[in-house]
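Chemist: here's a sequence, model it:
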Amino acid sequence: MAEAGVARQPKRGFFRIAGLVGLVLLAGCQTVIPKGRAPAPPVRPQETTGPITSALPQDQTRHRIALLVPMSGPNAAVGQSIANAANLAMLDTGGAKLRMTIYDTGPGAGVAAQRALNEGNKLFLGPLLAADVRLVAAMTAKANVPIVSFSNDHDVAGSGVYVMGFAPDQAIRRVVDYAKSRGITRFAGLMPSGIYGRNASVTLIKAVEASGAKMVAMQNYDRNPKSLATAVAALGKGQAYDAVLIADGGRIAVAAAPLIRKGTSPDARILGTELWNADNLIANSPALRGAWYASVSDSLYNQLATKYRARYGKASFRLSSLGYDAVLLSVRIAGDWKVGDPFPIRKLEDKGGFAGVDGAFRFGGDHVAERALEVHEAAPGGGSVVSPAPRGFDN
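Modeler: Coordinates of the predicted model:
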């Protein structure tokens with residue numbers, strides 16, 4: 001496992017951290033890469049018995065924080081990308097206040113969490129998967145150690161668990177509000193079967209109602225051509241609609257758009273979710289020209305991606321920014337955190353929020369990251385931003 005350190009940062013507002021983000025992404029710092037080791041054989045957490053002794057030396061001058069990500073197994077590539085970006089942030093910010101240790105959740109999140117607790121870590125960054133968060137949360141609650149998870153599942157938030165992943169409901173609300181501001185009053189929705197689709201349906205209906213517009217049609221589909229075509233055709237059997245939200249990724253959106261253009265509302269504005277961000281299929285589809293979708297800003301992330309490729313010789317996963325920003329968040333709070341004390345959990349709910357590669361964000365009472373989102377218009381070559389993200393929060 002690799003370790004690195006971070007310097008103390010000012011605590012007043014996310015604007016100073018925003019300046020830090022721009023500076024550290026342009027800085028040329030050497031990155032610590034986790035030492036390679038053969039992955040341990042899979043172990044079920046419930047099969048682990050007895051305490052796991054600490055392998056780390058005592059540290060009286062730095063805060064211990066744990067990064068829990070899959071470094072082996074099917075999600076290893078994503079976990080490695082998050083860990084690499086977190087290491088970049090650790091080194092970019094200086095090297096004095098924090099000690100971060102990486103724990104592989106691939107063989108078992110419970111095993112990783114127990115080791116991290118035994119080794120004295122006071123803050124967990126990760127895990128990535130919601131199931132792992134649920135397992136780890138039961139362990140950290142007893143130790144009063146908070147979790148800043150990379151999951152986007154709202155259901156795991158609360159009781160010391162903060163969800164940092166990109167929340168689809170916020171992107172839906174943002175694009176609906178923007179569409180309403182541009183005169184769209186009749187909305188329709190195409191929703192995939194499953195949990196994501198059900199949650200997106202509820203969010204869309206509530207967002208449309210809150211905007212003062214009208215929901216005129218909603219259809220679900222399975223992810224196959226026949227089901228999708230049937231769902232699009234069914235949308236046209238009711239009232240005409242001004243806009244239709246496709247709550248799915250680029251592959252489905254590209255397949256659905258031509259069907260919509262041939263239907264009863266050919267001029268309807270097509271809307272998307274945060275799943276469209278960084279999806280090249282969206283920009284390359286003529287039928288999606290002019291579509292709107294909301295997401296975090298990519299301006300600073302593009303700088304991180306360039307630096308990441310130069311350092312590691314490969315492209316980063318889009319989720320790697322969560323690792324970078326989680327470290328910046330830790331640096332910010334470390335300024336008011338006395339070594340040896342429990343992590344000051346209430347600092348995570350600073351109403352002024354924080355800033356990072358993905359822009360401004362803050363945790364509210366629901367422990368889910370509220371993000372400042374921008375609205376994009378799709379077009380060949382990458383499209384444009386038609387509604388910039390707010391720089392911060394007014395209340």
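
Chemist: correct me if wrong: Ala143 contacts Leu117.
Modeler: Yes. At 5.5 Å, Ala143 and Leu117 qualify as touching, with contact defined as CB atoms under 8 Å. In short, each C-beta sits where N, CA and C put it, glycine included.

Chemist: now do the helices in the stretch 201-350 of the chain.
Modeler: Counting by DSSP state H, counting those that start in this stretch, the stretch 201-350 of the chain has helices at residues 225-235, 250-261, 280-283, 299-312, 320-334.

Chemist: one more: the stretch 51-200 of the chain?
Modeler: So, for the stretch 51-200 of the chain - with DSSP H, counting those that start in this stretch - the helices run 76-92, 109-118, 130-143, 168-181, 195-211.

Chemist: make CSV out of those and add mean neighbour count and distance to His367.
Modeler: Listed next are those as CSV, based on neighbours: other CB atoms under 10 Å; distance: least, CB to CB, whole Å:
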stretch, mean neighbour count, distance to His367
helix 76-92, 25, 20
helix 109-118, 23, 18
helix 130-143, 18, 11
helix 168-181, 22, 14
helix 195-211, 18, 17
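
Chemist: out of these, which is closest to Arg309?
Modeler: helix 76-92 (10.7 Å; CB to CB).

Chemist: packing partners for that closest one?
Modeler: strand 3-4, helix 13-26, strand 63-69, strand 98-104, helix 299-312, helix 320-334 (3 or more CB pairs under 8 Å, 6 or more residues apart in numbering; DSSP states H and E).

Chemist: want to throw the ones you listed into a markdown table with mean neighbour count and mean pLDDT?
Modeler: Putting the helices and strands packed on helix 76-92 into a markdown table (neighbours: other CB atoms under 10 Å; pLDDT from 0 to 100) gives the following:
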| stretch | mean neighbour count | mean pLDDT |
| --- | --- | --- |
| strand 3-4 | 20 | 39 |
| helix 13-26 | 18 | 46 |
| strand 63-69 | 27 | 96 |
| strand 98-104 | 24 | 96 |
| helix 299-312 | 18 | 96 |
| helix 320-334 | 27 | 95 |
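
Chemist: any chance of these in a markdown table, with distance to Ile260 too?
Modeler: As requested, those are exported to a markdown table (distance: least, CB to CB, whole Å):
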| stretch | distance to Ile260 |
| --- | --- |
| strand 3-4 | 49 |
| helix 13-26 | 39 |
| strand 63-69 | 39 |
| strand 98-104 | 44 |
| helix 299-312 | 30 |
| helix 320-334 | 32 |
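
Chemist: out of these, nearest to Ile345?
Modeler: In terms of CB to CB, the element of those nearest to Ile345 is helix 320-334, at 9.5 Å.

Chemist: quick check: can you name the pairing partners of the very next helix or strand once past the closest one and their directions?
Modeler: Once the chain leaves helix 320-334, the next helix or strand it forms, by DSSP states H and E, is strand 354-356. Counting by DSSP bridges, the strands paired with strand 354-356 are strand 359-363 (antiparallel).

Chemist: could I get the average pLDDT for the strand it pairs with?
Modeler: Confidence for strand 359-363, expressed as mean pLDDT, is 95.

Chemist: re earlier: let me know which of the helices and strands packed on helix 76-92 is the nearest to Val368.
Modeler: Closest to Val368 of those is helix 320-334 (CB to CB; 13.6 Å).

Chemist: show the contacting residues for Leu67.
Modeler: Each residue near Leu67 by CB atoms under 8 Å, 6 or more residues apart in numbering is listed here: Ile82, Ala83, Ala86, Met100, Thr101, Ile102, Tyr103, Leu125, Gly126, Gly323, Ala326.

Chemist: ok, residues contacting stretch 383-392?
Modeler: Residues outside stretch 383-392 that contact it (CB under 8 Å, 6+ apart) are 13-15, 18, 178, 282-283, 292, 296-297, 352-353, 355, 359-360, 372-377.

Chemist: can you pull the buried residues of stretch 277-293?
Modeler: Across stretch 277-293, burial judged by 16 or more other CB atoms under 10 Å covers Asn277, Asp279, Ile282, Ala283, Ser285, Ala287, Leu288, Ala291, Trp292, Tyr293.

Chemist: pick out the lowest-pLDDT one from these.
Modeler: Lowest pLDDT of those: Ala283, 84.

Chemist: excluding sequence neighbours, find me the nearest residue to that one.
Modeler: In this structure, Ala283 finds its nearest non-sequential neighbour in Gly382, 5.4 Å apart by CB to CB, 6 or more residues apart in numbering.
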